[in-house]
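Trainee: here is the input, now give the coordinates:
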Amino acid sequence: MVVAAALFSLLALVAVIVTDLHDRDFPQAIGAESRLGLDFGESQFSDREAFSALAQMDADWNLGLVRIAPDLAGDSDGLVLVALNDGSLPATFRWFSGSGVGKVVGRDRLANSSPDGSYLVTGDSARLGEFESRLGSAGVRVTRTDASITDSLRFAMREGGFAAAVLAAFALIAALALFWLSMKARSRALRVLGGCPTLRIQAQDLGGFAAALLVPAAAVTLAAAGYVGLARGWLYVSVFVKALAGVEIAVIAVSLLVALAMSASAWPSATMLATRQPAVKSLRSAAVILQALTFLLVVGAAGPAWSAYRSSSATAAEMAQWKNLADQVVVQFGISDEEMTSLEPQIGNLIKDGESAEAVAFSYTFSAEQWEGDFGDYSAVSFVNQRWLDLMTTSAPPDALTPVPYDRVKDMVTREFGETFKLWSRSQGASGEILSGFGYLRPADGFRLPVGRGGGGGSLSFLDDVLVAVMPSLHSTINDQDLTSMASSRNILFTGVAATQALFERNRLAAAALRDRGVKGELGVVYVAEDGILRAQFMAYLVWLMNLALAALVVAFAVAAAISALITALLHARRDFPLRLSGRSWARILQSRVVKELLASVALVALVALFQRPEAMGPLLVAALLGVFVVPLSHLCAANWCFAGVSRRRI
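Mentor: Numbering: from 1, shown residues only. Next up, the predicted model:
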């Protein structure tokens, strides 16, 4: 029951994370019951028209729509919810995680945001279907998700960390079933000898086992629910209990099935009773199989789990780079192609003006795969300016980038990009002269530099084998036509909303100046990092999941090894007791059984190693060393316990 309580406490931690994820998707404090993903990319709405239409439908149907956005005014680790209309929502609320205070802000926050994104429905959802139909008929892609703890659990189980943790819980509960049957083996044999019906024995044993699990499950559930209510708020207790109960029921059901299968496969026989064999002998095969399976699970999952953990940690660190772009904006083009062509000189001057104020960052990356070129030792070549490097290496070590002599890459860059820069060039100079004027760098070992994908709409690639070409001046190098194209693909960033709008005013690109020129469309300023920051916040959860999975796997193997050792010690107690009394050391007594298990472990490790990638060998060996430590220790503790039991005539 103590071990089961520890197991259910582990599952309570899983339920806490599931509740946190659920509250992140559907904040309970503001009554969110549905979530809408809106994509206006193929609609005929401009950004301003889209927000106006959403606000009007929200007001007419009392939907209580709020837009999810990162808290760019803070440290970029939080969220703000933007209400499309004034309503009854509180200005601040509490998240389940307890980290920070949730904020509900006014629609002004969306003045420089795209209408694409996630919206929560906090009001009346009776006409939500009509709302979806209205947007769908206007070309808006709508994805609706209703609040469901089952869906949150299903989503969590698709993540490697949760799945591994629950799988480890199943392995641990199977070990507990084996331990229960080993403790009941003698009484079971006596009841068989007394003629008790098989079904009654099975019902009594499984009923006792179920009670031994349900009591700690209920205790942990009540204690955890009380803690959640007191520490996080009673509002979240219902969601938490549903998540925890769902996982507990699944684990208990599996444990009863495993116990039933083990019980049927290890039924005491008349021959065993007549020959006075230990009652637990019939469970020896099940114990060996379970220990082998859990050890195989540990060593087999060690490499992938560690790789996934490192990948999640690295991805979380990489995604955190989006925070460096929290105050960076891009130009949103709401004009026709003809109007864009007429504005190219003003846009070129806009970029020149921003460069002089060191407020323009640029990155345009060609990947070898998409370019279908030969970049030698590099998978990509990224053309950047110094402002981009300043933003992306803020938290990097001083030697994160190492210089590359031009002579070493001259042939490659001239061959691959010479013609491109002839087309891009503002001057009539040879492309070779332009390329020779760039500085060339590459990331040092262990550092992955974020670079903007060419034409990627503001998306980043994190590369450690990219050749970085640093332009001394963006405006002096590239003509106005291509600068306009790059600005439209979000490869050119500007610093600060107010500062960028001032640049628009000075270069006659503000709305009033465009109207005077007869331009019907408009140029907007939108944040580039909103979606990236939201993804970065989610990646932090995956690191927690990997830690949880690794710990659970280790615990499951340790318990299975201990139970197997205990059964082995019970079977050998009649032999071990006189040997120990005669003064023989435990090392000599346990030598043969420990060596057999270690040899079997080596064989399993070798088998797993055949199917693992080279980078997984380190974690695999660490898991093998864990087995080398746990197996002898388990046998020593079990043999000592049996020796003490025999001495006191309890065995």
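
Trainee: what about stretch 498-518, distance to the chain center?
Mentor: 42 Å (Cα atoms, centre = their mean, to the nearest Å).

Trainee: hmm, who's touching it?
Mentor: 329, 335, 342-343, 346-347, 349-350, 353-354, 357, 359, 494, 521-523, 525 (Cβ atoms under 8 Å, 6 or more residues apart in numbering). All C-beta spots, glycine's among them, are computed from the backbone N, C-alpha and C.

Trainee: narrow those to those in strands?
Mentor: 329, 494, 522, 523, 525 (DSSP state E).

Trainee: for the closest residue in space to the first one that isn't next to it in sequence, give the beta-bridge partners.
Mentor: Think residue 329. Once flanking residues are discounted, residue 329 sits nearest to residue 525: 4.8 Å by Cβ to Cβ, 6 or more residues apart in numbering. Note on residue 525: beta-bridge partners residue 331, judged by DSSP bridges.

Trainee: one step back: neighbour-wise, which of the ones in strands among the contacts of stretch 498-518 leads?
Mentor: Within the ones in strands among the contacts of stretch 498-518, neighbour counts (other Cβ atoms under 10 Å) peak at residue 494, which reaches 25 neighbours.

Trainee: and for the nearest residue to it once chain neighbours are set aside, the neighbour number?
Mentor: Nearest non-adjacent residue to residue 494, counting by Cβ to Cβ, 6+ apart: residue 500, 4.2 Å away. Number of residues near residue 500 (other Cβ under 10 Å) recorded here: 22.

Trainee: ok, residue 500 to residue 133 distance?
Mentor: Here the criterion is Cβ to Cβ, to the nearest Å. By it, residue 500 lies 37 Å from residue 133.

Trainee: would you agree residue 35 is in contact with residue 24?
Mentor: No: applying Cβ atoms under 8 Å, one finds residue 35 not in contact with residue 24, separated by 10.5 Å.

Trainee: in the stretch 501-650 of the chain, which spans are strands?
Mentor: Ranges of strands in the stretch 501-650 of the chain, per DSSP state E, counting those that start in this stretch, are 522-527.

Trainee: what's the answer for the stretch 301-450 of the chain, then?
Mentor: 328-334, 360-367, 380-385, 401-403, 439-443, 449-452.

Trainee: pLDDT below threshold where in the stretch 1-150 of the chain?
Mentor: 72-78, 98-100 (pLDDT under 70).

Trainee: mind listing the strands for it?
Mentor: So, for the stretch 1-150 of the chain - with DSSP E, counting those that start in this stretch - the strands run 34-39, 65-70, 79-83, 92-94, 101-105, 117-121, 141-146.

Trainee: tell me what the last one is packed against?
Mentor: On a contact count with 3 or more Cβ pairs under 8 Å, 6 or more residues apart in numbering; DSSP states H and E, strand 141-146 meets strand 34-39, helix 128-137.

Trainee: let's have the ones you listed in CSV, adding mean neighbour count and distance to residue 88.
Mentor: Listed next are these as CSV, based on neighbours: other Cβ atoms under 10 Å; distance: least, Cβ to Cβ, whole Å:
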stretch, mean neighbour count, distance to residue 88
strand 34-39, 17, 17
helix 128-137, 14, 18
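
Trainee: tell me which of these lies nearest to residue 398.
Mentor: Nearest of the helices and strands packed on strand 141-146 to residue 398, taken as Cβ to Cβ: strand 34-39 at 41.5 Å.

Trainee: which other residues reach the closest one?
Mentor: For strand 34-39, using Cβ under 8 Å, 6+ apart, the contacting residues are 25-26, 54, 65, 115-121, 125, 128, 132, 135, 140-147.

Trainee: and if we set it to 10 Å?
Mentor: 25-26, 50, 54, 63, 65, 67-68, 114-122, 125, 128, 131-132, 135, 139-147 (Cβ atoms under 10 Å, 6 or more residues apart in numbering).

Trainee: and those residues, which are buried?
Mentor: 25-26, 50, 54, 63, 65, 67-68, 114-122, 125, 128, 131-132, 135, 140, 147 (16 or more other Cβ atoms under 10 Å).

Trainee: need the helices and strands packed on strand 141-146 in JSON lines (columns: distance to residue 469).
Mentor: JSON lines is the format used below for the helices and strands packed on strand 141-146 (distance: least, Cβ to Cβ, whole Å):
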{"stretch": "strand 34-39", "distance to residue 469": "34"}
{"stretch": "helix 128-137", "distance to residue 469": "43"}
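
Trainee: for residue 633, which of these is the nearest?
Mentor: Closest to residue 633 of the helices and strands packed on strand 141-146 is strand 34-39 (Cβ to Cβ; 49.7 Å).

Trainee: for residue 195, which of the strands of the stretch 1-150 of the chain is the nearest?
Mentor: When the strands of the stretch 1-150 of the chain are ranked by proximity to residue 195, the top entry is strand 141-146, at 57.1 Å, counting by Cβ to Cβ.

Trainee: adjacent strands (with direction) for the closest one?
Mentor: Assessed with DSSP bridges, strand 141-146 is paired to strand 34-39 (antiparallel).

Trainee: tilt between the strand it pairs with and helix 128-137?
Mentor: If you take axes from the mean of the first three to the mean of the last three Cα atoms, to 10 degrees, strand 34-39 sits at 0 degrees to helix 128-137.

Trainee: quick one on the thing from earlier: pick out the lowest-pLDDT one from the ones in strands among the contacts of stretch 498-518.
Mentor: Lowest pLDDT within the ones in strands among the contacts of stretch 498-518 is found at residue 522 (75).

Trainee: that one is in contact with residue 343, isn't it?
Mentor: No: under the criterion of Cβ atoms under 10 Å, residue 522 makes no contact with residue 343, lying 11.0 Å away.

Trainee: between those two, which contacts overlap?
Mentor: In contact with both residue 522 and residue 343: 333, 335, 509, 514, using Cβ under 10 Å, 6+ apart.

Trainee: which one of these is nearest residue 221?
Mentor: Using Cβ to Cβ, these come closest to residue 221 at residue 333, 55.2 Å.

Trainee: who touches stretch 86-94?
Mentor: Counting by Cβ under 10 Å, 6+ apart, 23, 27-31, 58-59, 62-66, 81, 83, 100-107, 122-123, 232-233, 235-236 sit against stretch 86-94.
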